[in-house]
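**Student:** What follows is a predicted structure for the sequence shown.
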Amino acid sequence: MSLTQALGTASAGLKTSQSGLSLVAANVANAQTPGYTRKTVETATIAAGGDLVSVRTAGVNRLVDQYIQRQLRTESSGGSYTELRAQFYDRLQSIYADPNSSTSLESVYNDFTTSLQALTTNPSDYSTRANVLSSAQAVAQQLNNMTADIQSLRENAEQGLSECVSNANSCLKGLAQINSQLTSSHTDDASRAVLLDQRDYYLDQLSNLMDIRFTEDANDSVAVFTSSGIQLVGAQASTLNFDPQGTITAGSQWSADPSKRQVGTITATNSSGGTIDLISTRSFKSGKIAAYLEMRDTVLPQAQNQLDEVAAAISRALSDTTTAGTAVTSGAQSGFDLDLSGLLAGNTMKVSWKDTLTGETHTATLVRVDDPSALPLSNDLTADPNDRVIGIDFSNGLASAISQMNAAFTGQVQFSNPSGTTLRVLDDGAASTSDLVAATVTKTATSLSGGTAALPFFLDGSQSYSGAPAGSYPQSVGYAGRITVNPALLADVSKLVAYDTTTSSGDQTRPNFLYDKLTTATQTYSAKTGVGSTGTPFTGSITAFLRQAMAQQGESASGASKLAEGQKMVVDALQQRLDEGAAVNIDEEMTTLLTLQTAYGANARVFSVVNEMLKTLLQMM
């Protein structure tokens, strides 16, 4: 080998060693930098005439196991989802409190029923009466506070969605910029490796926010899609938009119909201006965004439904009275007369008849409606899975309402108004295709001294609670946040006993009625509460429903916590496997540094020897 070749080889060795040393320095300096992966120099030898004469830097390698990396992104999305759900469930549990705690809804309700039990044995005692009202106020206040706390959690979820969308846009924009740089760059050096690190960092962050899939082309640029197949990043990035709606109430719900939607939605706008709603296309199945949406639109509304159902059950138990119709005949027809005096919007008439041709018994619940915009009513307005719910508009009087009833039943059951406020319900008589089985009317008491034990103990703000359908949703929605003890009852505690002007102060009729209705009387509860199902709704006392609801919440919270713990173990294990190859190990870098320093010193020594040899040659000339 000539001296010139030796110099060239040594020079190439020095450059290669310098590249390696620079990478070692970068690795050590960025050991704690998020998204940074360990890098090494890839070298290649140069041959001439069959001999190896030099070396060069062929490229920079990132030590990343891409298979594990893809798995980690998928599991990280699930980890973010389960962790956030567990956090929200934990906060929801703190609202419900420990069932054994004195501050739990069940305990406060039990205090109320215990005070009523005391009233049944000593109805004339003023302090006992006052204790009933104070414990009733505690129940109402507890329901009010829990409602406020649940809606506050929903607002937190709304704010979280806004932050997630902002972060997602930063990732999408960053990925588009890196795609452009990778496409225009044709080198395979450290700068490209850094771009790939940045690209992976954005993908990792985006995976925590939502479940994504992506493809990679020959230039290492990526096209990113939602799980539903909507492209978010290519040559350009789509922009995600979120329109928070401000204060959230129990009635605030998401809807694909913009005119009905009362919470924020997430849309994607592509480079050509096209917009698509990502919630309606079910683009979020995992990640933080999916967890926030589930909490805001499903879990927390269901918790609110449970509170509203409790509030409605308590109110109706004490104020509603169901009266069977009086049997009547009219020629060949037979049926019942119902007294509709005092019927409020939301009160019902229930009719059962037997189809004589099939032997099947049918039931229909007719609901008084004073707001025509609430029509038609859904069958799930009542918890009974076997009845047909028919909304009847009473805003134009009884005659108009009866016409609507007859139109709804097409002759099988016939309605008329023989006099006053009487509704007559008859079968089809000579046709003999239907036989009426029963007819009842349920009305809400509006007076404390109406002559019956029922009374409007609780009110919806300043009005009676009857579950009236109105506008977008019935009166029951958010009722737990508005329930209050009737101020007229607070002003006159004697009405806890006196149901008419002749009632003695020691009469036990009303106290017994109140206690029995709240402890032993059974009701059927809506499947929207998550307790029971549409086909087999939960039926039982208010106490039994409360216990079931709290147990269901506890089980859900426990399940969410266990799922989060399991998912965390999976994510941690994958992260550890990825870090074993990709993370910077200072000890390994020091070993590599010593090797490179030795190589650098050897090449430098070649320079020194060649320099001495050249000096010797010059002296000989």
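**Tutor:** Received the coordinates, thanks.
**Student:** that's a strand at Q567, yeah?
**Tutor:** No - counting by DSSP: H, G, I helix; E, B strand; the rest coil, Q567 is not part of a strand but helix.
**Student:** for A470, phi and psi?
**Tutor:** phi -160, psi 130 (degrees, to the nearest 10).
**Student:** Give me the spatial nearest neighbour of it, chain neighbours excluded.
**Tutor:** Distances taken as CB to CB, 6 or more residues apart in numbering put D371 closest to A470, at 4.3 Å, once the chain neighbours are dropped. Heads up, the C-betas are built off the backbone N, CA and C, glycines and all.
**Student:** cool, T534 as well?
**Tutor:** For T534, ignoring the flanking residues on the chain, the nearest one in space by CB to CB, 6+ apart is A527 at 4.5 Å.
**Student:** Tell me how far the one you found lies from S170.
**Tutor:** Here the criterion is CB to CB, to the nearest Å. By it, A527 lies 42 Å from S170.
**Student:** what helix or strand is S162 on?
**Tutor:** Per DSSP states H and E: S162 is located in helix 126-184.
**Student:** Same question for S561.
**Tutor:** Judged by DSSP H and E, S561 forms part of helix 542-582.
**Student:** who does that helix touch, helix- and strand-wise?
**Tutor:** helix 66-96, helix 105-121, helix 300-319, helix 509-519 (3 or more CB pairs under 8 Å, 6 or more residues apart in numbering; DSSP states H and E).
**Student:** Quick check: which of these is nearest to G273?
**Tutor:** Smallest distance to G273 across these (CB to CB): 29.0 Å, for helix 66-96.
**Student:** tell me the average confidence for the closest one?
**Tutor:** Throughout helix 66-96, pLDDT has a mean value of 92.
**Student:** Next, the angle helix 542-582 makes with it.
**Tutor:** Taking axes from the mean of the first three to the mean of the last three CA atoms, to 10 degrees, one finds helix 66-96 and helix 542-582 inclined to each other by 150 degrees.
**Student:** What residues does the closest residue to D149 other than its chain neighbours make contact with?
**Tutor:** What sits nearest to D149 in space, not counting adjacent residues and going by CB to CB, 6+ apart, is I95, at 4.6 Å. By CB atoms under 8 Å, 6 or more residues apart in numbering, the residues touching I95 are M146, D149, I150, L153, A303.
**Student:** Repeat that for T446.
**Tutor:** Residues in contact with T446 (CB under 8 Å, 6+ apart) are G342, L344, P456, S464.
**Student:** Tell me which two of those residues sit farthest apart.
**Tutor:** When the contacts of T446 are compared pair by pair using CB to CB, the maximum separation belongs to G342 and P456, at 11.9 Å.
**Student:** Of those two, give the one with the bigger neighbour count.
**Tutor:** P456 (22 against 15; other CB atoms under 10 Å).
**Student:** my read: that one touches T321, true?
**Tutor:** No - using CB atoms under 8 Å, P456 makes no contact with T321, being 11.7 Å away.
**Student:** So for stretch 216-223, what gets flagged as buried?
**Tutor:** Residues S221, V222, A223 are the ones in stretch 216-223 that count as buried (16 or more other CB atoms under 10 Å).
**Student:** Quick check: the farthest pair among the contacts of I95?
**Tutor:** The span of those, defined through CB to CB, is set by M146 and L153 at 10.7 Å.
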